[in-house]
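*Asks:* this one's sequence-less:
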């Protein structure tokens, strides 16, 4: 009996120690409790309160007068660039402004590849023909929302006026794979380098390494090289799978793709050193890494186009490192971009990484 009571007392004492060691860290409290709440609040405000949305639609006309008939449907509103705007919905259910951008097939293909539009309406003999990829939920939803209005009927399941997009380069999967490649590079570096160094600092392993006859920078360079090799292997696996299963190939310059990959690695490696430069608490480190990667995962257009966000925030989204990398990966993969078109992005990413690395190394704490 006394033995059981002693074990029970020891158990609760150990539990108490774990709780006390956690709650005595103000940073751990913030990143574990307050940060997730703040993220939920921010994202909830950003998405759930958006009662008005803008969606871009490509419009290819055989007869210019068809544009006038579009303006008579629904509630057409004025637009500064003379784009035809078709508004549906109400304040209770939400309002969607479909912005019909008059274009041609060459430009529409580029817009589809970039995710600026997900649906093309082609007028043929004053009747709409809808082009979209059924694997792209945005394009399919846009079709279901506006098809009854354009055809003035309730049957939204008639597929006679649909032209399925199967051309390589403008499918949803062609949009997705380069984004996945960019996001995987970021996640592999941030968790493979940043979190590893924070964990080793918390276990006093960095202190032991510094005590050896080794330059401090050698440790960082070894980390970078090992992670770079792993990132290359991961990228090769993703690209091989995409090639053999989906038939995705690199349409642009392979040299540009390689240099973009290296520049992205430099950028995120620099940020990984900066984030892991001071803290030895894994709770805080976990929160700081999530604080860095989560907004970009949601905003940078990895799974869906960031052009669905309000126009005012798009320029800021395009400044994010992951957005720059994903956009230019897509340009090389599916638009045939070369080295010249990629040089600016390569320079910006490399510069960001060098600046972040320099700051992180200056304030880096080894123990």
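*Replies:* Perfect, I can see it now. Here the structure is a predicted model, which means the values were calculated and not measured.
*Asks:* When you work out contacts or count neighbours from here on, use the C-alpha atoms and nothing else.
*Replies:* Noted.
*Asks:* and after the biggest helix by length in the chain, which helix or strand comes next?
*Replies:* Longest helix of the chain, by residue count under DSSP state H: helix 216-246. Beyond helix 216-246 in the direction of the C-terminus, DSSP states H and E gives the next helix or strand as helix 254-275.
*Asks:* Any chance you could list what contacts that next one?
*Replies:* Under the contact criterion Cα atoms under 8 Å, 6 or more residues apart in numbering, helix 254-275 has outside partners 182, 185-186, 189-190, 193-194, 224, 228, 285, 288-289, 321, 325, 328-329, 332, 338-339, 342-343, 345-347, 349-361, 364.
*Asks:* tell me the angle it makes with helix 216-246.
*Replies:* 130 degrees (axes from the mean of the first three to the mean of the last three Cα atoms, to 10 degrees).
*Asks:* Just the mean pLDDT for whatever helix or strand comes next after helix 254-275, thanks.
*Replies:* The C-terminal neighbour of helix 254-275 among helices and strands, as given by DSSP H and E, is helix 282-299. Per-region confidence: helix 282-299 scores 86 on mean pLDDT.
*Asks:* Can you spell out which helices and strands pack onto helix 282-299?
*Replies:* For helix 282-299, the contact count by 3 or more Cα pairs under 8 Å, 6 or more residues apart in numbering; DSSP states H and E identifies helix 26-29, helix 172-189, helix 196-202, helix 254-275 as packing neighbours.
*Asks:* Now do the buried residues in that helix.
*Replies:* Using 16 or more other Cα atoms under 10 Å as the test for burial, helix 282-299 gives 282-290, 296-297, 299.
*Asks:* export the residues you listed to CSV and tack on distance to residue 209?
*Replies:* Output for the buried residues of helix 282-299, formatted as CSV (distance: Cα to Cα, whole Å):
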residue, distance to residue 209
282, 19
283, 23
284, 23
285, 20
286, 23
287, 26
288, 24
289, 24
290, 27
296, 34
297, 34
299, 39
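*Asks:* rewinding a little: tell me which of the helices and strands packed on helix 282-299 lies nearest to residue 120.
*Replies:* Evaluated over the helices and strands packed on helix 282-299, closeness to residue 120 peaks at helix 172-189, with 13.9 Å, by Cα to Cα.
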